[in-house]
Structure formats: C-alpha cells, structure tokens
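**Q** Please find the sequence and the predicted model below.
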Amino acid sequence: MGEVTHQQAELMLRLYDLRRETRLRQARTWFVESFSAATPEEMLQKYPKGTEEITNVRMVVSYWEMAAGIVNRGLIDDELFFESNGEAWVVWEKIRHLAASMRATYKNPTMFVHLEAVAKRLEEWRERRAPGSNEAMRKMFAQMRDQKAGS
C-alpha cells in the first residue's frame, strides 16, 4: 500500500464531489447503461453533434481522462484511487476498441492516453487482488450487451 497524504485524500474527495454533480451523474448512468459504438463513424451516426448523448459521452470520457491524468502524475496514489474508482476501467472498456481509430481520425496520438494507462494499471492491480475478476466483469458486460440487443 502506498503512502497517502492528506492532500491526496482531499483531492480524492474533490473528484468524488464532482462525480456526484447531477448532470455528470446522469451522463455516467447513461454511458454505462447505453453507450455502444464499434467505430467512430458509428458513434457519430448514433450520437450526432449537438445531441444529449454525445454530450454524455464527452462529459464521461473527459472526466475520467482528467481524473486519470491526475493519478498518472502521481498526485493521487494508485491504490487509493483504484480502491474506489473502478468506473474508470468500465469507461475504458467501453471505448478501448475505438481509441486507435479515433486517434488516427483526429490525428491526436495522445487521445485517451491517461485513461488507458490508469485502466491498464487498475486491471493489473485488480488481477493481483482478485484473479479472474477482470474476465468475469467482461463476461458480465457482454451478457448485458447481448440482453440489450435482444430486447
């Protein structure tokens, strides 16, 4: 376990306060329950500019990219962050297959790099503590996706 400072704890609480903001909470709920796109083109087709859905995507992904950037800079201890922020991994899981093509499309190789790095470390951390849990979560998400597609 890493050494945690009062500043790190305060920053964690501030990130938590931001997550509780009503509009971001709504966006997070929609993103986890409803967002699905196989390509950037499909994403723009399903969630066009100016819609509430694309606003939700941008809010959620940019929030977690920002939070991950804070962690990647060492301003919050990894373990402290990982213990209560598994949602960052969930967000990455939902966009990771889009990352390379979006980076190419927007000519921005740094797009999502903080979220990707944190999600990778979080996954490794979780696997050490609970072997098989990442795969179990992926299976659960696939089942939920399949059920939603079947409805």
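**A** Cool, the structure landed.
**Q** Pull the residues that contact the least confident helix or strand in the chain by mean pLDDT.
**A** Within the chain, confidence by mean pLDDT, DSSP states H and E is lowest for helix 133-150 among all helices and strands, at a mean of 86. Contact partners of helix 133-150, identified using CB atoms under 8 Å, 6 or more residues apart in numbering, comprise 36, 90, 93, 123, 126-127. Just so you know, the C-beta spots here come from the backbone N, C-alpha and C atoms, and that holds for glycine as well.
**Q** ok, which stretches of the chain are helices?
**A** 6-20, 22-34, 40-46, 52-72, 78-82, 87-105, 113-129, 133-150 (DSSP state H).
**Q** Output the ones you listed as CSV; include the columns mean neighbour count.
**A** Formatted as CSV, those follow (neighbours: other CB atoms under 10 Å):
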stretch, mean neighbour count
helix 6-20, 13
helix 22-34, 14
helix 40-46, 14
helix 52-72, 19
helix 78-82, 19
helix 87-105, 17
helix 113-129, 17
helix 133-150, 11
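**Q** Out of the ones you listed, which gets the lowest mean score?
**A** When the helices of the chain are ranked by mean pLDDT, helix 133-150 comes last with a mean of 86.
**Q** what angle separates that helix from helix 22-34?
**A** For helix 133-150 against helix 22-34, the angle by axes from the mean of the first three to the mean of the last three CA atoms, to 10 degrees is 80 degrees.
**Q** Just to check, Val32 is in contact with Val90?
**A** Yes: the pair Val32 / Val90 is scored as a contact, 6.2 Å apart, by CB atoms under 8 Å.
**Q** Now Asn108: closest residue in space, sequence neighbours ignored.
**A** Nearest non-adjacent residue to Asn108, counting by CB to CB, 6 or more residues apart in numbering: Met102, 8.0 Å away.
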